[in-house]
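> Here is my input; please provide its structure:
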Amino acid sequence: MKAYLANGLFSLGDRLVNEQLAAAIREAVPGIALYVPQENDAINDKSAYADSLAIAQADLEMLEKSDVLIAVLDGVEIDSGVAAEIGAFAMLNRPIVGVLTDVRQQGRDNMKKIEALVRDGLENQFVYRNLFVIGLIKRNGIITSSIQETVEAVQKLSNKEA
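Predicted structure coming up:
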């Protein structure tokens, strides 16, 4: 199975998440061909040069070859590159595994939080994500809330491929 891991790659936090997630997937799904853009120095070595067309071409080629997209949705907003990758991949009608580990998902059944939100929309204690992007993921995939859940989702997809 071929997979593509989409996430920001410019901050230390993003790069560490990518490394941790990629390692967990590679360990749990032997033989997976996992493309992680930050590992592609031809376009992502920021001390070198790659123009926008080269970056788009390289990533689109890998998306087209992939059976599944694993997309990290964490951050203040979904990373713009990740949102673009989700949009492009959704057109292929292949599975997408969204990864949203934001702790604000917890307590969704807490009535105090819900009542506060109803009283005052500025008291939103929950995470918001663009509904179009979320809808694209849900059409053919799922959204997980941990690395372990993500690994299990990729394993299930891998087993379907076998």
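> Report pLDDT for the residue of the chain positioned farthest from its centre.
Relative to the centre of the chain, and counting by C-alpha atoms, centre = their mean, the farthest-placed residue is residue 119 at 32.9 Å. Looking at residue 119, its pLDDT reads 94.
> tell me, what residue is most central in the chain?
Of all residues in the chain, the one closest to the mean position by C-alpha atoms, centre = their mean is residue 71, 1.2 Å from it.
> List the buried residues of the helix or strand encompassing that residue.
Per DSSP states H and E, residue 71 falls inside strand 68-72. Neighbour-count burial for strand 68-72 flags 68, 69, 70, 71, 72 (criterion: 16 or more other C-beta atoms under 10 Å). (Glycine included, C-beta is placed from N, CA and C.)
> Quick one: list the elements packing against it.
strand 2-6, helix 12-28, helix 80-90, strand 96-99, helix 147-161 (3 or more C-beta pairs under 8 Å, 6 or more residues apart in numbering; DSSP states H and E).
> What are the contacting residues of that strand?
Here strand 68-72 makes contact (C-beta atoms under 8 Å, 6 or more residues apart in numbering) with 1-8, 14, 17-18, 21, 25, 63, 79, 82, 85-86, 89, 94-99, 137, 141, 150, 154, 157.
> now do 7 Å
Strand 68-72 is contacted from outside by 1, 3-7, 17, 63, 82, 85-86, 89, 94-99, 150, 154, 157, using C-beta atoms under 7 Å, 6 or more residues apart in numbering.
> where does residue 162 land on pLDDT?
Residue 162 is assigned 67 on the pLDDT scale.
> measure stretch 40-59 end to end?
Across stretch 40-59, the terminal residues are separated by 10 Å (C-alpha to C-alpha, to the nearest Å).
> where does this protein have low pLDDT?
44, 46, 162 (pLDDT under 70).
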